[in-house]
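**Student:** need a structure here:
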Amino acid sequence: MPPYAPILMESTRAIGYSLEAAIADIIDNSITAHAATVKLFFFPIDKEYVAILDDGTGMDYTKINTAMQYGSQNPKDKRAGDDLGRFGLGLKTASLSQCKTLTVVSKQKDQIECRQWDLDYVAQSEEWRLKILEDDELLMLPEINKLLEYENGTLIIWQNLDRMKLSAGNLEKTMGRYMDDARMHLSLVYHRYLRGERGIRKLDIYFNNVKIAPMDPFLEEKSTRAMDDEILNIHGREVVVRPYILPHISKMTAEELEALSGKEGLRRRQGFYVYRNKRLLVWGTWFRMRRQDDSSKLVRIRVDIPNDLDDLWTLDIKKSSAAPPIEVKNNLSMVIEKMAEKSKRTWTVRGKKEINDEVVHMWNRLDNREGGIIYEINQDHPLVSELFTLLPQVKRDVQRLLRYIEKGLPLNALYIDLINDGKIDNDQGIEEKEVISMVRQILDNTELAQWPEMVKMLKLSEPFCFYIDAIDRKWPEGKIHGY
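**Tutor:** From the prediction side, this is the model:
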């Protein structure tokens with residue numbers, strides 16, 4: 001009982017590919033074909049099309065027929081280490097989720113093969129009929145001249161973009177926005193290929209002749225590797241887990257923050273980043289092992305899996321969903337708790353160098369009897385104590401003012417700004433010369449014999465604890481002891 005071609009082909013169009021996921025599925029095939037360059041072209045006017053050209057190994061008569069066949073490879077078959085395919089469906093389902101006419105042209109030296117799935121033709125014939133284009137039809141295809149310049153390569157062409165037109169309304173106006181989303185998606189999904197990581201072939205991707213830059217979701221140049229790699233042995237294969245703590249928002253540029261946040265925001269992008277053969281599959285999830293919250297929003301954990309563990313990770317057809325097997329989950333849960341605590345410290349200490357527990361903070365965080373949390377200004381802080389000492393007659397008024405400040409904290413507004421990754425300017429550091437001036441003023445109002453103890457106390461107090469080197473340069477320990 002063979003499936004009825006028009007119905008099955010139309011049904012598989014509803015698998016749920018986004019435009020960017022569909023393009024990525026085609027690029028996976030280019031990587032498997034050892035391409036060094038992939039060029040994407042989109043033309044939104046009149047006879048609209050999307051074309052994807054690579055300089056890979058190309059396909060001969062037999063291989064192109066197999067590639068156009070539905071279910072051309074058993075997902076349980078062992079694949080080459082750099083093969084990014086799985087079900088033998090991606091080329092067809094990804095392409096036809098966006099268009100009604102899929103044309104594939106492949107070149108190996110002087111040999112050119114061309115095949116086309118046309119859904120209107122299949123519906124009319126009511127059979128699995130794959131077109132083989134004649135030479136004159138071939139030469140009329142968009143971007144074909146660019147393929148002919150290559151010794152080997154493959155050109156994928158999407159035409160009759162009915163799904164894109166349906167969702168866009170006016171395709172000419174919205175196609176640029178669609179492609180911007182796709183560009184950002186590819187810069188993230190293939191960032192390790194785009195930068196040429198050791199062990200994989202470097203890949204260059206162009207959008208209408210503009211080269212895509214890699215988007216590193218871990219900001220490795222600034223982030224902290226808080227733990228060594230965890231190597232998990234699963235069915236004789238290695239799964240490598242590498243945790244990162246992103247720098248505090250105050251340490252990121254506006255461009256870095258925008259790239260790391262994406263449309264979802266930092267909070268929604270925390271969690272695991274799962275790579276299959278160094279191609280990003282799934283990101284921004286804890287796999288239901290913990291919930292996303294602000295204390296762990298700086299945690300990103302890279303997980304590298306080989307392609308022969310696909311069945312354990314329940315990888316879907318679109319390669320955009322996966323779930324870890326139980327033996328991996330058990331090991332990852334321990335990593336999660338360690339990293340969440342480290343992220344919390346980075347967040348609460350404002351991204352500065354970690355300080356010990358003896359530090360005197362400007363604010364105290366207290367638990368009240370009703371199970372709530374109270375933030376209050378620390379009246380034992382050296383700056384507050386000095387004010388009380390210099391102006392004892394207004395101590396009561398100052399204490400009342402401090403209570404009003406504590407009660408008037410705009411916590412709701414702060415929370416909204418933080419979950420939206422607002423870069424709070426109050427969180428910027430104080431200039432070094434201002435800190436030195438404050439220390440000098442405090443010492444001027446302190447007996448000379450008490451200077452060593454006062455300097456020691458200031459170095460354990462906010463904000464002075466963040467400027468210890470500057471204080472030591474101005475008041476070396478030996479000079480203090482010698483007065």
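
**Student:** Setting aside sequence neighbours, what's the nearest residue to Val360?
**Tutor:** Sequence neighbours aside, Ser461 is the residue nearest to Val360 in space, at 4.0 Å (criterion: CB to CB, 6 or more residues apart in numbering). All C-beta atoms are positioned from the backbone trio N, CA, C, and that covers glycine.

**Student:** so what's the backbone phi/psi at the one you found?
**Tutor:** Phi and psi for Ser461, reported as degrees, to the nearest 10, are phi -130, psi 150.

**Student:** show me what contacts it?
**Tutor:** 359-361, 381-382 (CB atoms under 8 Å, 6 or more residues apart in numbering).

**Student:** same thing with Val335?
**Tutor:** Contacts of Val335 (CB under 8 Å, 6+ apart): 227, 230, 241, 243, 301.

**Student:** same question, Gly153
**Tutor:** 35, 53-56, 58, 106-107, 147.

**Student:** Wait, a strand at it?
**Tutor:** Yes: Gly153: assigned to a strand according to DSSP: H, G, I helix; E, B strand; the rest coil.

**Student:** just the contacts of Gly153 now: which is nearest Val328?
**Tutor:** Ala35 (31.2 Å; CB to CB).

**Student:** Could you pull out the helices in the stretch 201-350 of the chain for me?
**Tutor:** Applying DSSP state H, counting those that start in this stretch to the stretch 201-350 of the chain gives helices spanning 254-261, 326-348.

**Student:** Nearest to the spatial middle of the protein, which residue is it?
**Tutor:** In the chain, the centroid-proximal residue (CA atoms, centre = their mean) is Pro217; its distance is 3.9 Å.

**Student:** how close does that residue get to Val274?
**Tutor:** 12 Å (CB to CB, to the nearest Å).

**Student:** sorry, back to before: list phi and psi for the residue nearest to the centre of the chain.
**Tutor:** Dihedral angles (degrees, to the nearest 10) for Pro217: phi -70, psi 0.

**Student:** Can you tell me, leaving aside adjacent residues, what's nearest to Ala36?
**Tutor:** Nearest residue to Ala36, sequence neighbours excluded (CB to CB, 6+ apart): Asp55, at 6.0 Å.

**Student:** looking at this protein, which residue ends up farthest from its center?
**Tutor:** Outermost in the chain, CA atoms, centre = their mean: Gln393 at 56.2 Å.

**Student:** so how far is Ala24 from that residue?
**Tutor:** From Gln393 to Ala24 the distance is 71 Å (CB to CB).

**Student:** Of the helices of the stretch 201-350 of the chain, which is nearest Lys456?
**Tutor:** helix 326-348 (23.6 Å).

**Student:** average pLDDT across the closest one?
**Tutor:** For helix 326-348, the mean pLDDT works out to 71.

**Student:** for stretch 128-147, same thing?
**Tutor:** Rounded mean pLDDT across stretch 128-147 is 93.

**Student:** Also stretch 299-306?
**Tutor:** The model assigns stretch 299-306 a mean pLDDT of 90.

**Student:** would you turn the helices of the stretch 201-350 of the chain into JSON lines with distance to His235?
**Tutor:** Formatted as JSON lines, the helices of the stretch 201-350 of the chain follow (distance: least, CB to CB, whole Å):
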{"stretch": "helix 254-261", "distance to His235": "34"}
{"stretch": "helix 326-348", "distance to His235": "9"}
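
**Student:** returning to that earlier point: neighbour count says what about the contacts of Ser461? Which are buried?
**Tutor:** Burial by neighbour count, 16 or more other CB atoms under 10 Å: within the contacts of Ser461 this picks out 360-361, 381-382.

**Student:** In those, find the pair that's most separated.
**Tutor:** Top of the distance list for those (CB to CB): His361 and Pro382, 11.6 Å.

**Student:** Would you map the strands across the stretch 351-483 of the chain?
**Tutor:** 363-367, 373-377 (DSSP state E, counting those that start in this stretch).

**Student:** now the angle from the first one to strand 373-377?
**Tutor:** Spelled out, it's strand 363-367. Strand 363-367 runs at 150 degrees relative to strand 373-377, counting by axes from the mean of the first three to the mean of the last three CA atoms, to 10 degrees.

**Student:** Each with direction, which strands does strand 363-367 pair with?
**Tutor:** Here strand 363-367 is paired, per DSSP bridges, with strand 373-377 (antiparallel).

**Student:** So what's the gap between the partner strand and the chain middle?
**Tutor:** Relative to the chain's own centre, strand 373-377 is displaced by 35 Å; criterion: CA atoms, centre = their mean, to the nearest Å.

**Student:** tell me which residues of that strand are tucked away?
**Tutor:** Ile377.

**Student:** Per the annotation, how does this structure divide into domains?
**Tutor:** Taking automatic domain parsing as the domain assignment, the ranges for the chain are 5-211, 230-348, 363-481.

**Student:** and of these, who's closest to Ser223?
**Tutor:** Here domain 230-348 is closest among those (CB to CB), at 4.6 Å.

**Student:** The spatially closest residue to Ile23 that is not a sequence neighbour: how many residues sit nearby?
**Tutor:** Excluding the flanking residues, the one nearest Ile23 by CB to CB, 6+ apart is Ala182, at 5.4 Å. Neighbourhood size, Ala182 [other CB atoms under 10 Å]: 22.

**Student:** what about Ala182, which helix or strand?
**Tutor:** helix 171-189 (DSSP states H and E).

**Student:** taking the mean pLDDT, what do you get for the helix or strand just after that helix?
**Tutor:** Following helix 171-189 in sequence order, the next helix or strand is helix 191-194 (DSSP H and E). Across helix 191-194, the average pLDDT comes to 96.

**Student:** same thing with stretch 389-401?
**Tutor:** Stretch 389-401 comes out at a mean pLDDT of 85.

**Student:** With stretch 241-253 instead?
**Tutor:** pLDDT averaged over stretch 241-253 gives 85.

**Student:** between Pro217 and Val274, what contacts are shared?
**Tutor:** 280, 283.

**Student:** Just the ones in helices from the contacts of Ser461, please.
**Tutor:** Counting by DSSP state H, the contacts of Ser461 place Pro382 in helices.

**Student:** possible to save the contacts of Ser461 as JSON lines with pLDDT and distance to Ser18?
**Tutor:** Shown next, in JSON lines, are the contacts of Ser461 (pLDDT from 0 to 100; distance: CB to CB, whole Å):
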{"residue": "Val359", "pLDDT": "78", "distance to Ser18": "48"}
{"residue": "Val360", "pLDDT": "82", "distance to Ser18": "52"}
{"residue": "His361", "pLDDT": "83", "distance to Ser18": "46"}
{"residue": "His381", "pLDDT": "85", "distance to Ser18": "53"}
{"residue": "Pro382", "pLDDT": "83", "distance to Ser18": "56"}
